[in-house]
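Colleague: below is the sequence, then the predicted model.
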Amino acid sequence: MAANLLIIENNNETISILDDYFKLSGKIEVAGIAKTGVAAIEKTHELAPDMILLDIILPIMDGFDVLESMLKNPPEKIPKKVVMSVINKDSFIRRAFELGADYFILKPFDLTSLLQTLLKVMNDSSKANVTFNPVNVVSEELIKHSIHVNTVGFKYLRETLLLSIKSEHHLSFIKEVYPFIADKFVTTPECVEKAMRNSIKSAYNERKDLADETFYNTVKYPTITNFIATLSEQIKIKYAGEL
């Protein structure tokens, strides 16, 4: 049975990425989401999650206030507490542990590593063994680039990336990729191309203001070929010993 988790985070993009990834993993069920410290305390008592993933920087009450409140007025079911933050200071981390945190993780984090950490904190060794899986790796990369799981374009882009990382030659999208995916999902090459292009365009519109992104600081959204080639190369480098 999947562990249930309360995500306490006020950044909508981070919430969406985490929610999509945990659903995809099948190992953690998101029981709820809280965007403020006050809501975090209320939902911890109401939902009785196995674990909370708590950002320190929150409006109204910060993460430290949430931890302190749980010490003073503990919920009936005490959850495991994984704290996350962009601030890497010894005093900051020490305070989190003094207030009852079970683990502290720095942002930004790798989603696979985060999942493994959460499962280890839950002390379930049968779930904590997160091994290399090409489908999960490719899915994680797409989610990190704001390609949403519930879109048709997601599954087409995932299949294309899987083809790309396994291929030893340059793929022809028109002659090979679109017809292959169209045949697999019983559609047309034109529909495949359109769905993938729309997913990339949607991701660009969400993230084009982020200047440090690989693709989204350009004037125009990346082409499908460029998007796949870049992600494929990143995956091949990162998992060189596993592919």
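Modeller: Yes, it's here. Residues are numbered from 1 along each chain as shown.

Colleague: residue 8 bridge partners, please.
Modeller: On the basis of DSSP bridges, residue 8 is bridged to residue 34, residue 54.

Colleague: my read: it touches residue 57, true?
Modeller: No: at 10.7 Å, residue 8 does not count as touching residue 57 under the criterion of C-beta atoms under 8 Å. Where C-beta positions appear, they are placed from N, C-alpha and C, glycine not excepted.

Colleague: which of those two has more residues huddled nearby?
Modeller: The neighbour comparison of residue 8 against residue 57 (other C-beta atoms under 10 Å) goes to residue 8, with 28 against 14.

Colleague: contacting residues for that one?
Modeller: 33-35, 37, 39-40, 52-55, 58, 63, 66 (C-beta atoms under 8 Å, 6 or more residues apart in numbering).

Colleague: turn those residues into a markdown table, including pLDDT and distance to residue 206.
Modeller: Compiled in a markdown table, those are given as follows (pLDDT from 0 to 100; distance: C-beta to C-beta, whole Å):
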| residue | pLDDT | distance to residue 206 |
| --- | --- | --- |
| 33 | 97 | 18 |
| 34 | 96 | 22 |
| 35 | 96 | 18 |
| 37 | 94 | 26 |
| 39 | 96 | 24 |
| 40 | 95 | 25 |
| 52 | 96 | 27 |
| 53 | 97 | 22 |
| 54 | 96 | 25 |
| 55 | 95 | 20 |
| 58 | 93 | 22 |
| 63 | 94 | 26 |
| 66 | 95 | 28 |
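
Colleague: make a PyMOL selection of the buried ones in the residues you listed.
Modeller: In PyMOL syntax, the buried subset of the contacts of residue 8 is picked out as below (16 or more other C-beta atoms under 10 Å):
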select buried, resi 33+34+35+37+39+40+52+53+54+55+58+63+66
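
Colleague: alright, I will stop here.
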